[in-house]
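A.B. asks: need a structure here:
(chains A and B)
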Amino acid sequence: MQVKVLSGNEALAYGALQAGVKVVTGYPGTPSTGALTSLLAMDLPGRYVEWSVNEKVAFEIAAGAAWAGQRALCTMKMSGLNVAYDSLISIAYSGCNGGLVIYVADDPGASAGMAEQDTRGFALMSDLPMLEPSSIRDTYRLTEVAFELSERVRTPVFVRLVASIANAKTALQIADPLPPADRTPILERNIAKYTKAGAAICITQHRDVIARLEKASEVIQEMELNSLQLAEKPGGLGIVAVGATVAYLGEAFDLAVEYGFDKTEVSILRTVTTTPFPAADVQRLFARCKSILALEELEPHLERGLHIEAHRFGFAGRIIGKLDDGPLSRVGEYDVDHVLQGLNMALGLRIPTDRFKGNRATETLAARRPITVCAGCPHRGTYMAINQAIQNLNLDKDEVMITGDIGCTILGMNPPFNTVWTEVSMGASVSLAQGYVHGGVETPVIATIGDSTFFHAGIPGLLNAIQHQTPLTLIIMDNGWTSMTGMQVNPGTDETFQRTGGCRIDLARVIPGLGIEQFFVTDPYDLKGTTSIIERCLTLPGVKVVLSRRECAIQVRRQGKRTGNVRLIPEKCVLCKRCVTATGCPALSIEAESITIDPALCNGCGLCAAVCPTGALKKEDGT
Amino acid sequence: MSYDIYLVGVGGQGILTLADLIVRAAVRKEHPVSFFPTKGMAQRGGFVKAELRLGQGGVGPHIRENGAHLVIAMERSEALKGVRYARPEGDFLLYGHVWEPTAVMLGEAAYPSLESVLETVRGSNARLVYLDSRELPKIDGVYVAANIFVLGAAFGNTTLGEVLDADKMTEVVQARWPRGAKRNVAAFDAGLRVRGTS
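C.D. replies: Sure, this is the predicted structure:
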């Protein structure tokens, strides 16, 4: 045993190791990334861990390993589950042999941007059990339990965290991880289980998946994963809480005491699942209580289940939750205040709501900080070149659609670039652009995407554009890394960083192989050259692809390399501020006499020098 | 004992490192600890916050509004985002460094005045401890790490010093960067000695 300060993601990783996991796959996505990252950083003989090209591929690899009888884990953010879902339904129907656990992280409050998607809805749709740990400690325990549950029921099992558990940290006592179980792989020929060949097979599998969820419900009861505390006195309030809200109950109870709250009069069900619905425990709660308060973040899945169960059971009391259209919202994260609001609604405690609400009004006075790309980011050169090319062609910037994509490349939406217009999902930029073309837009249409996003889901969109010869310019900003999520390898990352025996796939060789005639490779630090290539593309017919390629500046710096230096000649600076307005580079500041460069930040890309009209900024080659 | 610390600042100021050092000191003392850093997507120049909850096991990661025993703000404008978490009678340590976003530098957006920020903090009924960023000392002609200086100032000027031991904190700082220990300990000590204004 040892005590470590661990995040929820790391606790999940250790829980999986404790369960003897053999194969781990995933695709990076905040807030889930840390789980697989922590495993990759460990020496794990006898186990296989990889960042896969996308979540669907990752899940299929994990499922294959589980079908071969091994314990497998697949990690992703909620958006990634959307990508994997096609295979997930099929594999839910087939079940599994070895334990198969899907870790998915939701983001109530959308702190990482994207959707406040509640993936519990997917558990409902696929009839798969989903464990919802309420703390980091709980995550460690329930991840190990998830493998056991999966193998006992022969079904894939979800573990769902939210950002405030995945990325929070606490000191945790953990066991020394066990080596993976030594299992001989199974090769089972069974078309009734592993294919969907015909209605009879599919209908049988549908029955099986429903039966497995019922079995899971029994096993969860048997394992006593839920905690039910019944008040001695009947007729009181029953609270049903799941996930992150569970952790705020105790604190809220303490605060509510002075308003007449007595926790001995309350019955509490802390459930670890919404699916399967904890019907047996809920029935015991109904039998004891007069009213029920449902506490859950995002969608009212648990609450709806309570209404249905109440109807079946004949419970006539009040069920209080977010369907009441009160202060319990479907939007945002929950904290102690939501529990207090719930107690107010359920018990009429008259806890003054402003006591736990601070002054937000002054926050509007805070300066806005739109995020931009790092100093030296190669994407900066690409945005500047796109903007310049549009201007050179005398086009109105508001008439040129530039679709954007997921990852660092989306930062081109912000000032000073204001280049890209849209952000939808991995790879969507390429196909959305085709829609604008067919929608009758007559000005040139541009799609922008990063390298990892292109590998992940951008390639089918490009194939489609080529097949149908839809005129557009696709600009792939290739910085060699999956950067936004904290620098993970992808198929295009340099071979030095690939797994032993792995190899790099060079987009400069892949794209010409698709039969594209208008294909250009450019260096985004070369503003003039990149501008002229994009300008040319915007006047050519057909599908044009620009590979704007330069390694991520952060990674270059970490490798101890330097691409160049920028020298400031202050006497020549006339404070026209062109460098700042064109680049928005965090290394530049405006001082009284001249621009200044923060040498600790500057990565020497020279893009400021490229737009300096007086020669006050000079690019010099690096060493 | 329960002690909640809400930290705000700008990416690049070392606010998460500051929080991490407190976590290490708390773990050494075997205090239960919950640490929730949020840095959004920004590497530098973006809003960063962290929530630290000491002394209570099994609590959720979020500090309630009006609940933080101590707010540490490392940037003048971002301090406004900490105000709603300040507990009346708690401490609010404001290190008044100004990190202007580009739009402010270009004169296209407003930036709050020092007086307006100080007034807002005072209005929360927390005890204001204001540190002028010009107090940041130099050693051998180079400024010390502001986050370590602010950490020292928190020990010397707020109730944090009653919850954790400054000597133990010094050991944690030393252990964290064995090679830069001397500078960082000096930065911490300078913070301990400095007296903020209210």
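
A.B. asks: where does residue 153 land on pLDDT?
C.D. replies: Defaulting to chain A. On pLDDT, A:Val153 comes in at 98.

A.B. asks: not quite, I wanted chain B
C.D. replies: With respect to pLDDT, B:Ala153 scores 98.

A.B. asks: beyond the strand or helix carrying it, next helix or strand please.
C.D. replies: Counting by DSSP states H and E, the element that carries B:Ala153 is helix B:146-157. Counting by DSSP H and E, the element after helix B:146-157 in chain order, helix or strand, is helix B:160-163.

A.B. asks: now the next helix or strand after that following helix: buried residues?
C.D. replies: Later in the chain than helix B:160-163, the nearest helix or strand by DSSP H and E is helix B:166-176. Within helix B:166-176, the residues that qualify as buried by neighbour count (16 or more other Cβ atoms under 10 Å in any protein chain shown) are B:Ala166, B:Met169, B:Thr170, B:Val172, B:Val173. (Each C-beta comes from the backbone N, C-alpha and C, glycine too.)

A.B. asks: can I get the residues you listed in a markdown table with pLDDT and distance to chain A?
C.D. replies: Below are the buried residues of helix B:166-176 laid out as a markdown table (pLDDT from 0 to 100; distance: Cβ to the nearest Cβ, whole Å):
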| residue | pLDDT | distance to chain A |
| --- | --- | --- |
| B:Ala166 | 97 | 21 |
| B:Met169 | 97 | 16 |
| B:Thr170 | 97 | 20 |
| B:Val172 | 97 | 12 |
| B:Val173 | 97 | 17 |
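
A.B. asks: quick check, nearest of these to A:Gly376?
C.D. replies: Using Cβ to Cβ, B:Val173 comes nearest to A:Gly376 of the buried residues of helix B:166-176, at 30.6 Å.

A.B. asks: ok, now which ones touch the closest one?
C.D. replies: Contact analysis of B:Val173 by Cβ atoms under 8 Å, 6 or more residues apart in numbering or on different chains lists B:Leu21, B:Ile148, B:Leu151, B:Ala181, B:Asn184, B:Val185, B:Phe188.

A.B. asks: please see if stretch A:280-295 touches chain B.
C.D. replies: No. Stretch A:280-295 is not in contact with chain B by Cβ under 8 Å from any Cβ of the partner chain; minimum separation 11.6 Å.

A.B. asks: chain center to that stretch, what's the gap?
C.D. replies: Distance, stretch centre to chain centre, for stretch A:280-295: 34 Å (Cα atoms, centre = their mean, to the nearest Å).

A.B. asks: neighbours of residue 15, how many?
C.D. replies: No chain specified, so I'll use chain A. For A:Gly15, the count of nearby residues is 28 (other Cβ atoms under 10 Å in any protein chain shown).

A.B. asks: meant chain B actually
C.D. replies: B:Ile15 has 26 nearby residues by other Cβ under 10 Å.

A.B. asks: ok so, going back, and the contacts of B:Val173 as CSV, adding distance to chain A?
C.D. replies: Formatted as CSV, the contacts of B:Val173 follow (distance: Cβ to the nearest Cβ, whole Å):
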residue, distance to chain A
B:Leu21, 12
B:Ile148, 17
B:Leu151, 18
B:Ala181, 21
B:Asn184, 17
B:Val185, 22
B:Phe188, 21
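
A.B. asks: and of those, the nearest to A:Ser87?
C.D. replies: Nearest to A:Ser87 among the contacts of B:Val173, with distances taken as Cβ to Cβ, is B:Leu21, at 44.6 Å.

A.B. asks: contact partners of the helix holding B:Ala153?
C.D. replies: B:13-15, B:17-18, B:21-22, B:70, B:72, B:74, B:91, B:93, B:95, B:97, B:129, B:131, B:133, B:136-137, B:160-161, B:164, B:166, B:169, B:173, B:184, B:187-196.
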